[in-house]
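>>> When you get a sec, could you give me coordinates for this:
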Amino acid sequence: MAYSRYGRTSNGHNETLAFPRHKSCQDETTAGHCSRVLFVHTHLPMSEADFDQVNHISQDGLVPIVAAGKQGKQFRRHHQLVEISAPVHQAQPEHVIVVLLDDLHLFCQVWFYSALSYPALNHHLRTTFTLQDPYYPADPKPISIQLQKKLLFPFEIIKGLY
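Reported below is the predicted structural model:
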């Protein structure tokens, strides 16, 4: 099991516990770290049994995955939620991966090339985007236009989405 920079490593250690355990230190560290690092939470229309697809995304597509599966579902500090479903096939988004915004273009590139191999792929998919500020849930702040563009721009290469 080898995830990316912030998830499980090849030696099995969990790097997501890099933040201090003391609450005030953790808040300061998280605020400083997360103001520079933005996460995208992606729900895919595959079951947990289709784990080979995640390996395809991370290894063949060279997409660093921060968290996947159960860890991905528990991850809450994301700025964008992307839900991909296949209503024609009654496939709901069951599997979750979390990627860095800086690596989102790699995920979209894998999707783009998959759609070239399977031309009817995107016609069967429905994609929903939700943008949020994960650090102030009680008092949500508007997402700046500049950040909105950064979050949505990588999906520009994917044709036929609805």
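
>>> where do the helices sit along this protein?
Applying DSSP state H to the chain gives helices spanning 23-34, 51-55, 69-74, 104-117, 145-152.

>>> So which helix or strand of the protein has the lowest pLDDT on average?
helix 23-34 (a mean of 47; mean pLDDT, DSSP states H and E).

>>> I84 reaches H41, doesn't it?
No. I84 is beyond contact range of H41, at 11.6 Å (criterion: C-beta atoms under 8 Å). For every residue, glycine as well, the C-beta is placed using N, CA and C.

>>> Skipping its backbone neighbours, what lies nearest L161 in space?
Closest residue in space to L161, ignoring its immediate chain neighbours: T127 at 5.0 Å, by C-beta to C-beta, 6 or more residues apart in numbering.

>>> Output the below-cut-off pLDDT ranges for this protein.
1-36, 47-54, 162 (pLDDT under 70).

>>> So which residues of it form strands?
Ranges of strands in the chain, per DSSP state E, are 39-44, 67-68, 80-85, 95-100, 126-131.

>>> Among these, show me which one is buried the most.
Across those, averaging neighbours per residue (mean count of other C-beta atoms under 10 Å) puts strand 67-68 on top, at a mean of 26.
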